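Engineer: fold the following and give me the result.
(chains A and B)
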Amino acid sequence: MPHIDLPEGFPGISAALTYRPETAKPLRELAHVLLHQANSLTPAERELIATFVSSRNHCHFCQSSHGAAAACHLGDASIVEQVKTDFLLAPVSDKLKALLVIAGKVQQDGKLVTASDVEAARKLGATDLEIHDTVLIAAAFCMFNRYVDGLGTWQPRNRRCTRRWAGTWPRKATSSLRSNSRWSSRRVSLDAMPMSNQKGTSRGPSPLLKPGMIELHLRP
Amino acid sequence: MPHIALPPDLPGIRGAMAFRPETARPLNALVEVLLAGPSTLSRGERELIATYVSSRNCTHYCHSIHGAIAAAHLGGDEALVKQVKTDFTQAAISPKLKALLAIAGKVQQDGKLVTTADVQAARSLGATDLEIHDTVLIAAAFCMYNRYVDGLGTDQPDDEALYRERGRRIAGDGYVMVSEEYLASHTQAAAH
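Structural biologist: The predicted model follows:
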């Protein structure tokens, strides 16, 4: 049960955003710029950073929804699981690993980031802007996670529900800047979405990579 | 020394904001709504919540500047701000604000620590749902601002007078107006 009178039927942060549109606007804009706008880091890489930080903060809704978004971009849910459990062994670039080291320190305390952490990322090709965005994505998810958990929001444990929600999120993030559309109305278009990689196993091209889903992510 | 090439003349979050105006806009808009927008919590009370969380995160720039803004709203009472940082239960503030600070302190650690009893205690002292919402979001947001300022290794001056002067200006003009000034001057400098 949420701690305050949040609207029913909205999972996780969507209930809090609906409750207070004045703060929802800058929160959505921030997430949009960091995760969806053009960037030399791919959307998948940025979603992985968000997922990793949310996982370390043990925020179920955020790590599930952003993990599903990352899996959708990657076409492989097992990479997401590997990043959550031990990213050093994940099949991601060395540059992303160096950025995840920085993100993990920011998650604990920004003061833990050292000049050598930053140098290591730079040597592997990270730009100042990519380092900046990594720090801010990690910091922002320390906010989103606390917001979602601190209000006691409804965080469904049903994977399918979270996946559907993740598929609508990028589009919603943008469309909601213009209107307060209900997520439930978008859910319908994803009803035919098959389950895949339930056990985190990689089975070639994922059914998650349906053209409609990709369009949702890449063309908000 | 900052970890990346931030403009050298802008300390704390201002350097980070000038480095990336696209994210500065929503970051400033958020703090403006939370700390300076219409609310049944006074601006002094909201600044005290931001100061308290920043102090617990040991982010010098944020707890100094928001402490200075809080003092400016509280008739220059710097001793009260200091008392909230060191032990708010003994501070001369309302029991309602103390209950909200207890919630903010839990959010600073982990949102999951907030209990129904914490929220009930605040409510029985007169806190509304919106005040509880804003307390949670102010505390959560400063866990972001603090990490952003520390994580980039921004310059965080020690000079108290600097924060006092700037705190008065922000208390008067608000975040967005003051930030537009340095964001514009930096953009011009970058263009030349």
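Engineer: residues near B:Pro8, how many?
Structural biologist: When neighbours are defined as other C-beta atoms under 10 Å in any protein chain shown, B:Pro8 has 10 of them. C-betas here are computed from N, CA, C, even on glycine.
Engineer: please report how far it lies from B:Tyr163.
Structural biologist: Distance, B:Pro8 to B:Tyr163, using C-beta to C-beta, to the nearest Å: 19 Å.
Engineer: any idea which residue is closest to the centre of chain B?
Structural biologist: What sits nearest the mean C-alpha location of chain B, by C-alpha atoms, centre = their mean, is B:Ala50, with 3.7 Å.
Engineer: need the contact list for the residue nearest to that residue when sequence neighbours are not counted.
Structural biologist: Setting aside the residues directly before and after it, B:Ala50 is nearest to B:His66 in space (C-beta to C-beta, 6 or more residues apart in numbering or on different chains), at 4.4 Å. If a contact means C-beta atoms under 8 Å, 6 or more residues apart in numbering or on different chains, then B:His66 has B:47, B:50-51, B:54, B:167 as its contacts.
Engineer: any idea how far B:Ala92 lies from A:Val33?
Structural biologist: Taking C-beta to C-beta, one finds B:Ala92 at 41 Å from A:Val33.
Engineer: out of the two, which sits in the more crowded spot?
Structural biologist: A:Val33 (20 against 9).
Engineer: what helices and strands are in contact with whichever strand or helix holds the more buried one?
Structural biologist: Under the criterion of DSSP states H and E, A:Val33 resides in helix A:21-35. Using 3 or more C-beta pairs under 8 Å, 6 or more residues apart in numbering or on different chains; DSSP states H and E as the contact definition, the elements that helix A:21-35 packs against are helix A:13-19, helix A:43-56, helix A:128-150, helix A:159-178, helix B:21-31.
Engineer: among those, which gets the worst mean confidence?
Structural biologist: Among the helices and strands packed on helix A:21-35, helix A:159-178 carries the lowest mean pLDDT, a mean of 46.
Engineer: phi, psi for B:Asp158 please.
Structural biologist: Main-chain dihedrals, B:Asp158, degrees, to the nearest 10: phi -90, psi -20.
Engineer: in the helix-or-strand element of chain B with minimal mean pLDDT, what counts as buried?
Structural biologist: None of the helices or strands of chain B scores lower by mean pLDDT, DSSP states H and E than helix B:175-191, at a mean of 80. Across helix B:175-191, burial judged by 16 or more other C-beta atoms under 10 Å in any protein chain shown covers B:175, B:178-179, B:182-183, B:186.
Engineer: closest to chain A among the residues you listed?
Structural biologist: B:Tyr175 (11.3 Å; C-beta to the nearest C-beta).
Engineer: quick one: residues contacting the closest one.
Structural biologist: B:28, B:31-32, B:35-36.
Engineer: equivalent analysis for B:Leu41, please.
Structural biologist: B:100, B:131, B:134-135.
Engineer: near chain A too, which of the residues you listed?
Structural biologist: When contact is defined as C-beta under 8 Å from any C-beta of the partner chain, these meet chain A at B:Asp134.
Engineer: in TSV: the contacts of B:Leu41, plus distance to A:Cys72 and pLDDT.
Structural biologist: As requested, those are exported to TSV (distance: C-beta to C-beta, whole Å; pLDDT from 0 to 100):
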residue	distance to A:Cys72	pLDDT
B:Leu100	39	98
B:Glu131	38	98
B:Asp134	33	98
B:Thr135	35	98
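Engineer: burial count for residue 74?
Structural biologist: In the absence of a named chain, this looks at chain A. 23.
Engineer: actually chain B
Structural biologist: 21.
Engineer: and B:Ser124, by the same measure?
Structural biologist: So B:Ser124, with other C-beta under 10 Å, has 11 neighbours.
Engineer: and if you look at the one 4 residues further on?
Structural biologist: Neighbour count for B:Thr128, taken as other C-beta under 10 Å: 14.
Engineer: go on, B:Lys85?
Structural biologist: 17.
Engineer: B:Tyr52 is in contact with that one, correct?
Structural biologist: Yes - using C-beta atoms under 8 Å, B:Lys85 makes contact with B:Tyr52 at a distance of 6.5 Å.
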